[in-house]
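Peer 1: Here's a sequence, model it:
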Amino acid sequence: MAMTYKNKLYFLIILIAVLVLLYSGSLIFNSDLTARRDSFIWLDSKAAEKADKINISTQMGQFELFKHNNLWFVLDEDNIYPARQIRIQDFLSILTTRSSWPVRSSSPSNHERFGLLMPDDFAHFYNQPSRITISADKTVLLDLLVGEDDVFRGESYFRKFDQNEVRSGNNIIKTYTNNHAGSWFNLRLFCDEKGGDIDLSSVQRLTVTTPDETQVFTRRNRGWIVSGIEVDNPDIPEIESYIRTVLNAEGDGFSDTITLDDPRFDYSTMVLELGNARHFTVRLTMGDENGRIFAHVNGNNLVYSIPAWSAYRLYREWENFQMQ
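Peer 2: Residues are numbered from 1 along each chain as shown. Model prediction:
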């Protein structure tokens, strides 16, 4: 019997629904297949934990990060500086985290177009890629070239030095490679054994000596007592705020314009004592005509250069610690 109009309509609706489901399923399958194909990591996380040297070479120059006694340092023009440990961890995590890195080409003829051609003559010097070489015990773990950005400036092109395959991915890595060596320096005056921040709870005593007076802040139970200056009713939150400021003190660079035996370092001292028996002695100069001061911390041979706005915060009048 011939199908009625209503039956034909039902059949057509069901057919359309089935086709839509099949099409949607194919999209999901293809999307999942593409995501799995593009999913990629440059460096195994366990291998990264063994890394002890990172060489970074860009058009601005080259420098080396190396690990000694489980701490990272920066080697720049034969000088050694403490490195920001967290910055290196964040940098390595980009390379060890599985993300979308789709393949864009496998032909060496496209390397120059992507900015990934290693120059063999001076003519290509200004188009050369950045290069990241990560090693462990003199064995190369990753030799990665970082090339041009895409047209939207959201992604860059990458390839391993000894491979032709080109992949694209988030260009956040260029915030690490396209900066000078100083961007890796740890310029904090006070760091814990792992190169990290020191928590206020670790501080037992802070002594600040200037030509005018000596201020001593000593922990007592959950509060602080102040000596050396007349403070009848200590403002505990204000004292802790000041100590945090001292703990977070940092320079904006290292200086070689003043030697460690310069008498100007006799102007002021800060002694920080921690609960684990560690202590820091910082010698500081008086501010120059721009308010900038120099600081030296016991245990190293570096001179920290501290800008005026930061130097100003290292000293407080006794009235600041008096409860109003």
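
Peer 1: Now the residue nearest to the spatial centre of the chain: which helix or strand?
Peer 2: Nearest to the geometric centre of the chain sits residue 87, at 2.1 Å (CA atoms, centre = their mean). Element membership of residue 87 [criterion: DSSP states H and E] is helix 85-96.

Peer 1: avg pLDDT for the helix or strand following that helix?
Peer 2: Using DSSP H and E, the next helix or strand after helix 85-96 towards the C-terminus is strand 99-100. Across strand 99-100, the average pLDDT comes to 92.

Peer 1: circling back to that earlier point, buried ones in the helix holding residue 87, by neighbour count?
Peer 2: For helix 85-96, the neighbour count (16 or more other CB atoms under 10 Å) marks 85, 87, 88, 91, 92, 94, 95, 96 as buried. For the C-beta atoms, the positions are set from N, CA and C on the backbone; glycine is no exception.

Peer 1: For the fourth one, give me the pLDDT.
Peer 2: Residue-level confidence at residue 91 comes out at 97, pLDDT.

Peer 1: just the one 3 residues further on next, same as before
Peer 2: Looking at residue 94, its pLDDT is 95.

Peer 1: Is it in contact with residue 173, as I believe?
Peer 2: Yes. Between residue 94 and residue 173 there is a contact under CB atoms under 8 Å: 5.4 Å.

Peer 1: Mind listing the residues bridging to residue 136?
Peer 2: residue 139 (DSSP bridges).

Peer 1: tally of neighbours for it?
Peer 2: 15 (other CB atoms under 10 Å).

Peer 1: likewise residue 23?
Peer 2: 10.

Peer 1: The protein: helices as residue ranges?
Peer 2: 5-38, 45-50, 85-96, 174-177, 236-247, 308-312 (DSSP state H).

Peer 1: Of these, give the one that comes closest to residue 268.
Peer 2: With CB to CB as the criterion, residue 268 lies closest to helix 308-312 of the helices of the chain, at 10.2 Å.

Peer 1: Flag every buried residue along that closest one.
Peer 2: 310, 311.

Peer 1: For the stretch 51-200 of the chain, give me the ranges with low pLDDT.
Peer 2: The model of the stretch 51-200 of the chain has pLDDT under 70 over residues 119-126.

Peer 1: what separates residue 128 from residue 56, distance-wise?
Peer 2: 13 Å (CB to CB, to the nearest Å).

Peer 1: wait, residue 162
Peer 2: 18 Å.

Peer 1: Report whether the expected contact of residue 85 with residue 70 is present.
Peer 2: No. Residue 85 is not in contact with residue 70 according to CB under 8 Å; the separation is 9.4 Å.
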